[in-house]
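S.K.: Model the following, please.
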Amino acid sequence: MLNILLSVMDKGQRLRSGIASQLPAPTIFASAIALPDDGTQRALCDRFVLKVESDVVHEEHFEDLARAIVKEHGKI
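M.R.: Numbers count the residues shown, from 1 in each chain. The predicted structure is shown next:
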C-alpha cells in the first residue's frame, strides 16, 4: 500500500498489471494510528504538506474537518 501511495504522490501514476496509467493531480488524505518511526515508512509521511493530529473523526464529520483545515490554512 505504501508503495502505491508513494508512486501516486511522486509520479502521479499507478501501476496495474504492469501497466502505468497517469492519474489526475490528486488530493490525498491519509490517517494513521501512529506515525511511523522507521525511515522506509517516514518517506510517505514526509510528503504530506499539512499534518493534523486529532481525536477519532467519524465519517459524517470528515468533510467538515477537511473544510476547516482548508479555511484555516488556505488552499492546499
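S.K.: Every contact and neighbour count from this point should use C-alpha atoms.
M.R.: OK.
S.K.: So Q13 is in contact with Q22, correct?
M.R.: Yes. With contact defined as CA atoms under 8 Å, Q13 reaches Q22; the gap is 4.3 Å.
S.K.: who has more neighbours, these two?
M.R.: Using other CA atoms under 10 Å as the criterion, Q13 and Q22 rank with Q13 on top: 19 against 11.
S.K.: Got phi/psi on that one?
M.R.: Main-chain dihedrals, Q13, degrees, to the nearest 10: phi -140, psi 160.
S.K.: From A20, how far out is it?
M.R.: Distance from Q13 to A20, counting by CA to CA, to the nearest Å: 6 Å.
S.K.: how many neighbours does V8 have?
M.R.: Residues within reach of V8, counting by other CA under 10 Å, total 20.
S.K.: now for the one helix or strand it maps to, which elements pack on it?
M.R.: Assigned by DSSP states H and E, V8 falls within helix 2-11. On a contact count with 3 or more CA pairs under 8 Å, 6 or more residues apart in numbering; DSSP states H and E, helix 2-11 meets strand 13-16, helix 39-46.
S.K.: ok, of these, where does mean pLDDT dip lowest?
M.R.: Lowest mean pLDDT within the helices and strands packed on helix 2-11: helix 39-46, at a mean of 69.
S.K.: Off-centre distance for the helix or strand following it?
M.R.: Counting by DSSP H and E, the next helix or strand C-terminal to helix 39-46 is helix 59-73. Distance of helix 59-73 from its chain centroid, counting by CA atoms, centre = their mean, to the nearest Å, is 15 Å.
S.K.: now do stretch 5-16
M.R.: Distance of stretch 5-16 from its chain centroid, counting by CA atoms, centre = their mean, is 12 Å.
S.K.: Report the rounded mean pLDDT for the helix holding V8.
M.R.: For helix 2-11, the mean pLDDT works out to 73.
S.K.: Can I get it in PDB? Just the C-alpha atoms.
M.R.: Output of helix 2-11 as PDB, limited to C-alpha atoms (Å, rounded to 0.1, in the frame of the first residue of the first chain):
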ATOM      1  CA  LEU A   2       2.800   2.400   0.900                       C
ATOM      2  CA  ASN A   3       4.500   1.900  -2.500                       C
ATOM      3  CA  ILE A   4       1.200   2.600  -4.300                       C
ATOM      4  CA  LEU A   5       0.700   5.800  -2.400                       C
ATOM      5  CA  LEU A   6       4.400   6.900  -3.000                       C
ATOM      6  CA  SER A   7       4.000   6.300  -6.700                       C
ATOM      7  CA  VAL A   8       0.800   8.300  -6.900                       C
ATOM      8  CA  MET A   9       2.300  11.100  -4.900                       C
ATOM      9  CA  ASP A  10       5.700  11.200  -6.600                       C
ATOM     10  CA  LYS A  11       4.900  10.300 -10.200                       C
END
